[in-house]
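my questions concern the predicted model and sequence given below.
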Amino acid sequence: MQNVIPRRKKTVREIDVTSKRVLVRTDFNVPLDEAGAITDDTRIRASLPTIQYLCERGARVILCSHLGRPQGRVEGRLRLALVANRLSLLLDRPVAALHDCIGPEVESAVAAMNDGDIVLLENLRFHPEEKKDDPAFAEGLASLAEIYVNDAFGASHRAHASIVGVPNYLPAVAGLLLEREVNAFTRILQNPERPFAVVIGGAKVSDKLELLDNVISRVDLLLIGGGMAATFFASRGYRTGASQVETDRLDEVRRVEKNAERRGVRLLLPSDVIVAERLEAGVPNRVVPATEVPDGQIIADIGPAAVDEFSRELRAVRTVAWNGPVGVFEIPEFAEGTRRIAATLANLDGTTVIGGGSTTDAVQRFGLADEMTHVSTGGGAALAMLAGKPLPGVEALDDAEGP
Ligand SMILES: Nc1ncnc2c1ncn2[C@@H]1O[C@H](COP(=O)(O)OP(=O)(O)O)[C@@H](O)[C@H]1O
Ligand SMILES: O=C(OP(=O)(O)O)[C@H](O)COP(=O)(O)O
């Protein structure tokens with residue numbers, strides 16, 4: 001894993017922040033329920049050490065983040081005011097939520113800040129320029145501050161303006177969370193105790209598919225569940241009913257399967273699944289073989305036989321990394337697979353790494369987070385590290401002086 005951190009990066013501890021305006025990129029992309037309430041504030045809590053560190057040293061802290069995937073325009077339910085409120089409660093001090101992230105209003109609010117003040121800019125992804133890494137947008141963000149801190153481990157695999165653009169204009173250092181995460185992954189992955197298994201589920205299928213070839217080159221066992229499984233089933237010619245399938249990625253999936261076979265990596269799919277007509281609570285559901293999902297039915301969870309099989313396999317490994325729930329765990333009827341996998345990992349006498357906003361949310365809900373070796377705030381970022389890919393957000397930071 002030497003290629004993950006080619007050089008040591010400068011951290012917030014190696015720069016004078018007193019009375020400075022410091023722009024901190026955080027990952028406040030917290031899971032929300034249907035009513036728009038935060039269901040797990042792990043990512044907000046994880047950012048507290050850096051924010052407290054900066055406030056205690058009299059910095060003027062300008063926080064920024066994305067929330068969800070708005071299509072480059074304002075979406076009321078994805079405003080960051082609710083995060084500012086939660087942060088303010090956790091810090092026991094005011095956090096002002098601004099109405100935009102660049103522009104004259106933001107500039108005057110920032111100019112009026114005193115040492116130790118905290119503001120939170122509005123959702124960066126309300127501007128399409130964020131995801132395009134637009135230089136003028138990055139420069140606009142940078143112009144608010146004198147120092148840039150990246151503490152958004154969970155978003156550091158994205159080459160977006162607030163992650164890789166802003167460091168072109170400001171001294172750029174790692175926050176305490178980013179440092180902790182990168183160090184944890186490097187330590188765990190440098191020489192993982194074998195057998196080493198990875199469990200992949202969740203919904204961000206195409207993102208994860210891209211990394212699978214590299215993941216395969218590092219593991220002994222790959223277990224696939226969640227939304228990802230349907231595309232694998234389709235590539236094998238199974239009936240997938242109304243499940244969402246990435247039809248343009250079927251060849252890629254076949255290549256992944258071949259690659260696994262060639263390398264002697266065991267790639268397991270669920271042998272049975274729970275299906276329903278809609279992914280909603282109270283809708284009738286049943287267990288069917290994975291090969292035979294009836295027309296009109298959607299795969300919502302892995303089935304009981306698959307849970308047993310996955311658990312048996314996992315009990316025999318020494319290191320497990322898990323990203324992506326194996327079912328729609330937010331709905332109680334479809335939470336059992338994810339709960340059982342979490343319980344198996346919690347009881348494992350080996351190294352267990354959990355990554356991702358939703359996976360962490362699930363493990364927290366089951367009360368099992370404390371049983372894991374490392375609970376990461378990043379899912380895609382963790383997988384990228386697993387795949388041996390340098391994170392653009394880390395690469396963009398200033399190199400540390402000395403060893
Ligand atoms: N079979 C499935 N079909 C659709 N969505 C699923 C399925 N299994 C899991 N999910 C959903 O995947 C989402 C999390 O995916 P993802 O964002 O990739 O994970 P993470 O945030 O942990 O990286 C959850 O909201 C969960 O409901
Ligand atoms: O939630 C996140 O990633 P994750 O679901 O892989 O943990 C990050 O905030 C990145 O979000 P994105 O995948 O919309 O760029």
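On my side now, so go ahead. Ligands and ions are numbered 1, 2, ... in the order given.

and the residue of the stretch 1-150 of the chain nearest ligand 1?
At 7.3 Å from ligand 1, residue 31 is the closest residue in the stretch 1-150 of the chain, using C-beta to the nearest ligand atom. For the C-beta atoms, the positions are set from N, CA and C on the backbone; glycine is no exception.

surely that residue and residue 41 touch.
No: judged on C-beta atoms under 8 Å, residue 31 makes no contact with residue 41 at a distance of 9.4 Å.

so what's residue 83 up against?
The contact partners of residue 83, by C-beta atoms under 8 Å, 6 or more residues apart in numbering, come to 28, 30, 38, 44, 65, 67, 97, 120.

which residues touch the last one?
This points to residue 120. 28, 63, 64, 65, 80, 83, 84, 87, 95, 96, 97, 98.

out of those, which are inside helices?
Those of these mapping onto helices are 83, 84, 87, per DSSP state H.

ok, of these, which one's closest to residue 204?
Among these, residue 83 lies closest to residue 204 (C-beta to C-beta), at 21.0 Å.

what's the pLDDT at that closest one?
Note on residue 83: pLDDT of 98.

residue 187 too?
For residue 187, pLDDT reads 88.

next, count neighbours for it.
Per other C-beta atoms under 10 Å, the neighbour tally for residue 187 reads 12.

re earlier: show the buried residues in the contacts of residue 83.
In the contacts of residue 83, burial by neighbour count holds for 28, 30, 38, 44, 65, 67, 97, 120, counting by 16 or more other C-beta atoms under 10 Å.

the fourth one: which element?
This points to residue 44. Secondary structure assignment for residue 44, by DSSP states H and E: helix 42-46.

which neighbouring elements make contact with that helix?
The contact analysis (3 or more C-beta pairs under 8 Å, 6 or more residues apart in numbering; DSSP states H and E) places helix 42-46 against helix 81-91, helix 357-365.

can you tell me what sits against the shortest one?
Applying C-beta under 8 Å, 6+ apart, the external contacts of helix 357-365 come out as 29-31, 39-40, 42-43, 154, 201-203, 322-325, 329, 335, 338-339, 342, 354, 369, 372, 375-377, 379.

which ones among these map onto helices?
42, 43, 338, 339, 342.

dump the residue contacts of the nearest residue to residue 8 once chain neighbours are set aside.
Closest residue to residue 8 apart from its sequence neighbours, by C-beta to C-beta, 6 or more residues apart in numbering: residue 400 at 4.3 Å. Neighbouring residues of residue 400 by C-beta under 8 Å, 6+ apart: 7, 8, 9, 10, 11, 14.

one more time with 7 Å, if that's ok
In this structure, residue 400 makes contact with 8, 9, 10, 14, judged by C-beta atoms under 7 Å, 6 or more residues apart in numbering.

kindly report the same for residue 130.
66, 124, 137, 160, 161, 162.

report the two of the residues you listed separated the most.
66 and 137 (13.0 Å).

so which of these two has more stuff around it?
A count of neighbours by other C-beta under 10 Å puts residue 66 above the other of residue 66 and residue 137, at 26 against 23.

what segments of the stretch 301-403 of the chain are strands?
Applying DSSP state E, counting those that start in this stretch to the stretch 301-403 of the chain gives strands spanning 319-323, 351-355, 374-376.

how about the stretch 1-150 of the chain?
Under DSSP E, counting those that start in this stretch, the stretch 1-150 of the chain gives strands at 21-25, 60-64, 96-97, 118-120, 147-150.

same check on the stretch 151-300 of the chain?
Here the stretch 151-300 of the chain has its strands, by DSSP E, counting those that start in this stretch, at 172-174, 196-200, 221-224, 239-240, 266-268, 272-276, 285-289, 292-293, 298-302.

what lines up beside the third one in the sheet?
Counting by DSSP bridges, the strands paired with strand 221-224 are strand 196-200 (parallel), strand 266-268 (parallel).
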